[in-house]
Structure formats: C-alpha cells, structure tokens
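> fold the following and give me the result.
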Amino acid sequence: MKAGFSGRSLLLAALGLVLALPAALALAQETAVVPVRVIYPGETISADALDEVILRRPLRDMASVAHRLEDLDGKVARRTLLPGRLVPLSSVREPYLVERGEAVTVTFIDGNLTISLLAVPLESGAAGEVIRLRNIDSGAIITGVVMGDGTVRIGAS
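So this is what the prediction gives:
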C-alpha cells in the first residue's frame, strides 16, 4: 500500500481550507475607527459616538489614523469629524486640565522646600504641556508644566 492521501482526505482538507479562509482574511484586514455622528470642535469624544470598521484596502500610513476605540475615547476634537470618515490622530487632542484665565495652584519644589502660589494661565494646557502663567501677586510671567492633577509645577525638579 502506498503512503499518501486518499481522495476523501484531500477533499476534507481542501474543504477545511475553504472554510478557514474568510476567518484568516478577516484577521489580516486592518480596522479603523470612524464617528457614527458629527463630532464638533471642542467636543469630548465618547466611545458611543464611534464605530470600528474593516478597511477595504490597507492605508499607506496606518499610524496617522485612529484604528482602536482607545485612540479617540476621552480625547477632544480639534476640528469637525464627519460620520463614516477616518479620523486623523492630528484632529484630536488630550483634554485640557488647565483653562486659560482660571486661577490654578503653582508649586515650586526643590528638595524639602515647597512654595505654592496662585497664578492665572495665559493659555490652556493638557497634562505634560508647558504653559505661560501670570503670578497674581507680582504680575510676573512664569512658565510651568501642567501636572495630571490640574496644578502647575515650576522650577527645579
């Protein structure tokens, strides 16, 4: 008896490949996130306003558009985002923790020395951004880094 496949086993193997092909193609396809409604500039984006879609053809630069819900959820739109259209990552920003004109606490920390004061931001900023502020007491313009808790840190450290 020759070693090999019978006609029946070849047919079953071919049928298995045909059945597995759509699943394999779906895994190989890229997905992107698109709005399901108009999202206006300044609006915070929520996951319920988004939908994941499978792209018909791959993009040249997939890194420049949102391809997961997490890429956009909680971000703020910089421009109008239209339903069914791909969303460039440059069209969204992190939410501002410090708003222009609203007094914030500014801290200077150097070793054991901590100095706190109130200042008015001259520009809005998200966590990690450097912004300019005006010291309420002296009127001096200072720069600092917006912290995750909504305060601003200046100076050493």
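
> might one say that residue 150 is in contact with residue 104?
Yes: in this structure residue 150 lies within contact range of residue 104 using C-beta atoms under 8 Å: 6.8 Å. Placement of C-beta: from N, CA and C, glycine included.

> touching both of the two, which residues are there?
With contacts defined as C-beta atoms under 8 Å, 6 or more residues apart in numbering, the residues shared by residue 150 and residue 104 are residue 98.

> what about these two, which has more around it?
More neighbours surround residue 104 than the other of residue 150 and residue 104, with 21 against 15 (other C-beta atoms under 10 Å).

> could I get the phi/psi values of that one?
Its backbone dihedrals place residue 104 at phi -130, psi 160, with angles given as degrees, to the nearest 10.

> neighbours of the spatially closest residue to residue 40 that is not a sequence neighbour, how many?
Closest residue in space to residue 40, ignoring its immediate chain neighbours: residue 80 at 5.8 Å, by C-beta to C-beta, 6 or more residues apart in numbering. Neighbour count for residue 80, taken as other C-beta under 10 Å: 13.

> residue 80: what's it in contact with?
With contacts defined as C-beta under 8 Å, 6+ apart, the neighbours of residue 80 are 38-41.
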